[in-house]
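Peer 1: I'd like to go over a predicted model; first the sequence, then the structure.
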Protein chains: 2
Amino acid sequence: MTASTAPVFELLQLPQESVGERFGRTVRRLRQARGWSQERLAERAELNRTYMGEIERATAMPSLHTAAKLAQALDVPLSELIQRCEPQLR
Amino acid sequence: MTASTAPVFELLQLPQESVGERFGRTVRRLRQARGWSQERLAERAELNRTYMGEIERATAMPSLHTAAKLAQALDVPLSELIQRCEPQLR
């Protein structure tokens, strides 16, 4: 494939991850670091297990209240949990 | 009123403020410190003005996404905005 015929790959502008995606990923990482199932964390946070999975997959956007319950269940200040999501956001 | 007839005031267990109440109060304080109306902040955060007032009065609980938009409009990292609400929560 010579340079001229090579398909020009547009520089894929990676979509900025949403706060929900970062939050879900961070919660999952902290949960797994504790060796907990989604069930266990949902129970500790007094959340529905299905909803818990949706938050991790970012198919549901938690309220501040729900985020605070998850932080408490993970025994991490909410501000610290949010901070772990931020570097990529700024 | 002798001691014996004095009504016994139960030690009022002050209800712990919710994360929504602290968040609303903190947003209001930061908005006023900038000399902004609710209208101005709602516009910057691309939020409905009425909903903006409900968040400040804690009659509406914002999602993480809405909280992130308010933080960006106030030009404060969300984690810092949350941290200002936390001392009383811990």
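Peer 2: Received the coordinates, thanks.
Peer 1: any weak-confidence spans in chain A?
Peer 2: A:1-16, A:87-90 (pLDDT under 70).
Peer 1: Show me what the biggest helix by length in chain A is packed against.
Peer 2: Counting by DSSP state H, the longest helix found in chain A is helix A:19-33. Judged by 3 or more C-beta pairs under 8 Å, 6 or more residues apart in numbering or on different chains; DSSP states H and E, helix A:19-33 is in contact with helix A:38-44, helix A:49-57, helix A:64-74, helix A:78-85, helix B:64-74. For every residue, glycine as well, the C-beta is placed using N, CA and C.
Peer 1: what separates it from the chain centre, distance-wise?
Peer 2: In terms of C-alpha atoms, centre = their mean, to the nearest Å, the gap separating the centre of helix A:19-33 from the centre of its chain is 4 Å.
Peer 1: Nearest to B:V19, out of the helices and strands packed on helix A:19-33?
Peer 2: helix A:64-74 (4.4 Å; C-beta to C-beta).
Peer 1: contact partners of that closest one?
Peer 2: Residues from elsewhere that reach helix A:64-74 (C-beta atoms under 8 Å, 6 or more residues apart in numbering or on different chains): A:23, A:27, A:30-31, A:34, A:41, A:44-47, A:55, A:62, A:77-78, A:80-82, B:18-20, B:23, B:61-64, B:67, B:89.
Peer 1: So among those residues, which ones count as buried?
Peer 2: A:23, A:27, A:30-31, A:41, A:44-45, A:47, A:55, A:62, A:77-78, A:81-82, B:18-20, B:23, B:61-64, B:67, B:89 (16 or more other C-beta atoms under 10 Å in any protein chain shown).
Peer 1: who in chain A is up against chain B?
Peer 2: Contact residues (C-beta under 8 Å from any C-beta of the partner chain) of chain A with chain B: A:18-20, A:23, A:61-65, A:67-68, A:77-80, A:82-83, A:86, A:89-90.
Peer 1: give me that answer again for 6 Å
Peer 2: Within reach of chain B by C-beta under 6 Å from any C-beta of the partner chain, chain A has these residues: A:19, A:23, A:61-65, A:67-68, A:77-79, A:82-83, A:86.
Peer 1: and the helices and strands packed on helix A:19-33 as TSV, adding distance to B:Y51?
Peer 2: Putting the helices and strands packed on helix A:19-33 into TSV (distance: least, C-beta to C-beta, whole Å) gives the following:
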stretch	distance to B:Y51
helix A:38-44	29
helix A:49-57	22
helix A:64-74	14
helix A:78-85	21
helix B:64-74	8
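Peer 1: most centrally placed residue in chain A?
Peer 2: Chain A has A:G24 as the residue nearest its centroid, 2.0 Å off, counting by C-alpha atoms, centre = their mean.
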